[in-house]
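Undergrad: here is the input, now give the coordinates:
(chains A and B)
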Amino acid sequence: MTAIFFVLIIASCVWLLFQNPNAILATALKAVTDSLSLAVTLAGIYIFWMAIVEIATRSGLIDKIAKMLKKPIKFLFGEQTEEVNSHLATNIAANLIGASGAATPAAINAIEGMSTPEQTKASPPMIMLFILAATSLQLIPTTIIGILQANGSSNPAGIILPTLIVSSVATVVGVILVKIMCRQQQKGRK
Amino acid sequence: MALYIVPIFIIFVFVYACLKNTDAYSAFVKGSKDAIALIFDILPYIVAILVAVKLFEASGLLQTMCNLLAPVFQCLGVPSELAHFIFLKPFSGAGSIALYNDIIAAYGPDSYISRVASIIAGSSDTVFYIATIYFSKTNIKKLGVAIPIALFCTFLSAVIASWVCRIF
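TA: Residues are numbered from 1 along each chain as shown, chains lettered A, B, ... in the order given. Modelled structure (predicted):
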């Protein structure tokens, strides 16, 4: 991340310096303001969903879901503590039903649970979780259907099946790539 | 049907908690409290990635990269009208949703271009944003193969989406 941050900032600023030097500070400050309003929006979403997830955790519902998802979780992430497993189950279940507001906090907590304070490099299960998010596990793209509907599409639900096909292929390819690449790295270390 | 899943799930959580005699009120408050702490944890990361991405967009480098790579996309069967959208997607969630709305408005919701855009929007996420947010509560800075694989999958889904939409 540090390298990406450097490249993006230095390349963009040098490029802007020759075109429009005033834009550098203006853009950066606007971005900071935008992040604050984004954080407020996110806070609303996360507060609601984390409250719901906390209720589901205390009532034992999350444990039930975790038991149902035990096998896929073990295949994808290997052996993890019970707490991490329930975060992972929350993340997967939330992604599948399209409640991404519940999925992201669960993923952050799962990754925190999998890491140690002195760790600086992402482990294979963390990369796996990240790839699942990047390739979007969602069964039904509710936001997209909503936008299509609002624009007068003749068949907004028609997008569900092709989206499912494409995102499944991308997810499977992603999972396989993570498995292969991480195995090679481990071999390299031995 | 799709629009009922989340509301029904929310009702189910409360009904289930009620049946199991769970103190839903205290749980709700505790969950909210954790969420507020979480937002403060991730806010600096949101600021950092947004500053970098906005500068990248404003500098025109993103556009330049799109123009350079558009022919490659065309070879793979991806409509060149979508090159900018595909490039923006890993960087900016809000930006790509705005662009998606423009595409739908410009080409009509039932056109080939719009359907490909819909699938791309529904089958990938804001890679650089989740890369920062997911690791915000740890000291992890080296993501190894994570970002290359994620970007590869994003572009792969754009290519497959263009093919799938010719069939459906």
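
Undergrad: low-confidence regions, chain B specifically.
TA: Within chain B, the ranges that satisfy pLDDT under 70 run B:1-3, B:168.

Undergrad: state the distance from the most centrally placed residue in it to chain A.
TA: Most central in chain B under C-alpha atoms, centre = their mean is residue B:125, positioned 2.7 Å from the mean C-alpha point. Here residue B:125 is placed at a distance of 5 Å from chain A (C-beta to the nearest C-beta, to the nearest Å). C-beta here means a position set from N, CA and C on the backbone, and glycine is covered the same way.

Undergrad: hang on, that residue packs against residue A:134?
TA: Yes: using C-beta atoms under 8 Å, residue B:125 makes contact with residue A:134 at a distance of 5.3 Å.

Undergrad: tell me the centre residue of chain A?
TA: Central residue of chain A (C-alpha atoms, centre = their mean): residue A:133, at 3.5 Å.

Undergrad: contact partners for that one?
TA: Going by C-beta atoms under 8 Å, 6 or more residues apart in numbering or on different chains, residue A:133 touches A:95, A:103, A:104, A:107, B:125, B:130, B:134.

Undergrad: quick check: mean pLDDT across the helix or strand containing it?
TA: Using DSSP states H and E, residue A:133 maps to helix A:124-134. What helix A:124-134 shows for mean pLDDT is 93.

Undergrad: mind checking the SS state of residue B:109?
TA: Following DSSP: H, G, I helix; E, B strand; the rest coil, the label given to residue B:109 is coil.

Undergrad: roughly how far apart are it and residue B:100?
TA: 11 Å (C-beta to C-beta, to the nearest Å).

Undergrad: which residues of chain B fall in helices?
TA: B:5-19, B:24-58, B:61-75, B:83-88, B:93-107, B:112-123, B:127-134, B:146-167 (DSSP state H).

Undergrad: so which of these is the most packed in?
TA: Most buried of these, by mean neighbour count (mean count of other C-beta atoms under 10 Å in any protein chain shown): helix B:112-123, with a mean of 25.

Undergrad: now the angle from that one to helix B:146-167?
TA: Relative orientation of helix B:112-123 and helix B:146-167, computed by axes from the mean of the first three to the mean of the last three C-alpha atoms, to 10 degrees: 140 degrees.

Undergrad: hey, C-alpha coordinates of helix B:112-123 in PDB?
TA: Once non-C-alpha atoms are left out, helix B:112-123 reads as follows in PDB (Å, rounded to 0.1, in the frame of the first residue of the first chain):
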ATOM      1  CA  TYR B 112     -25.700  -3.700 -24.800                       C
ATOM      2  CA  ILE B 113     -23.300  -1.100 -23.400                       C
ATOM      3  CA  SER B 114     -25.600  -0.500 -20.300                       C
ATOM      4  CA  ARG B 115     -26.000  -4.200 -19.700                       C
ATOM      5  CA  VAL B 116     -22.200  -4.800 -19.800                       C
ATOM      6  CA  ALA B 117     -21.800  -1.800 -17.400                       C
ATOM      7  CA  SER B 118     -24.400  -3.200 -15.100                       C
ATOM      8  CA  ILE B 119     -22.700  -6.500 -14.800                       C
ATOM      9  CA  ILE B 120     -19.300  -4.900 -14.300                       C
ATOM     10  CA  ALA B 121     -20.800  -2.700 -11.600                       C
ATOM     11  CA  GLY B 122     -22.400  -5.700  -9.900                       C
ATOM     12  CA  SER B 123     -19.500  -8.100 -10.100                       C
END
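
Undergrad: close to chain B, is the longest helix seen in chain A?
TA: Counting by DSSP H, the longest helix found in chain A is helix A:22-58. Yes: using C-beta under 8 Å from any C-beta of the partner chain, helix A:22-58 reaches chain B at A:23-24, A:27-28, A:30-32, A:34-36, A:38-39, A:42-43, A:46-47, A:49-58.

Undergrad: residue B:82 and residue B:158 touch, don't they?
TA: Yes: Residue B:82 is within contact range of residue B:158, at 7.3 Å (criterion: C-beta under 8 Å).

Undergrad: any residues in contact with both of the two?
TA: Counting by C-beta under 8 Å, 6+ apart, the shared contacts of residue B:82 and residue B:158 are B:73, B:116, B:120.

Undergrad: now do the second one against chain A, distance only.
TA: Read it as residue B:116. When distance is defined by C-beta to the nearest C-beta, residue B:116 is 9 Å away from chain A.

Undergrad: contacting residues around that residue?
TA: B:78, B:79, B:82, B:158, B:161, B:162, B:165.

Undergrad: now, which of the residues you listed sits nearest chain A?
TA: Taking C-beta to the nearest C-beta as the measure, chain A lies nearest residue B:161 of the contacts of residue B:116, at 4.9 Å.

Undergrad: spatially nearest residue to that closest one (excluding sequence neighbours)?
TA: residue B:119 (3.9 Å; C-beta to C-beta, 6 or more residues apart in numbering or on different chains).

Undergrad: low-confidence ranges in chain A?
TA: A:186-190.

Undergrad: who touches the residue lying closest to residue A:55 once chain neighbours are set aside in this structure?
TA: Sequence neighbours aside, residue B:27 is the residue nearest to residue A:55 in space, at 4.3 Å (criterion: C-beta to C-beta, 6+ apart). With contacts defined as C-beta under 8 Å, 6+ apart, the neighbours of residue B:27 are A:51, A:54, A:55, A:57, A:58, A:59, B:17.

Undergrad: which of those residues sit farthest apart?
TA: A:51 and A:59 (12.9 Å; C-beta to C-beta).

Undergrad: can you tell me the element residue A:163 falls in?
TA: For residue A:163, the host element (DSSP H and E) is helix A:160-189.
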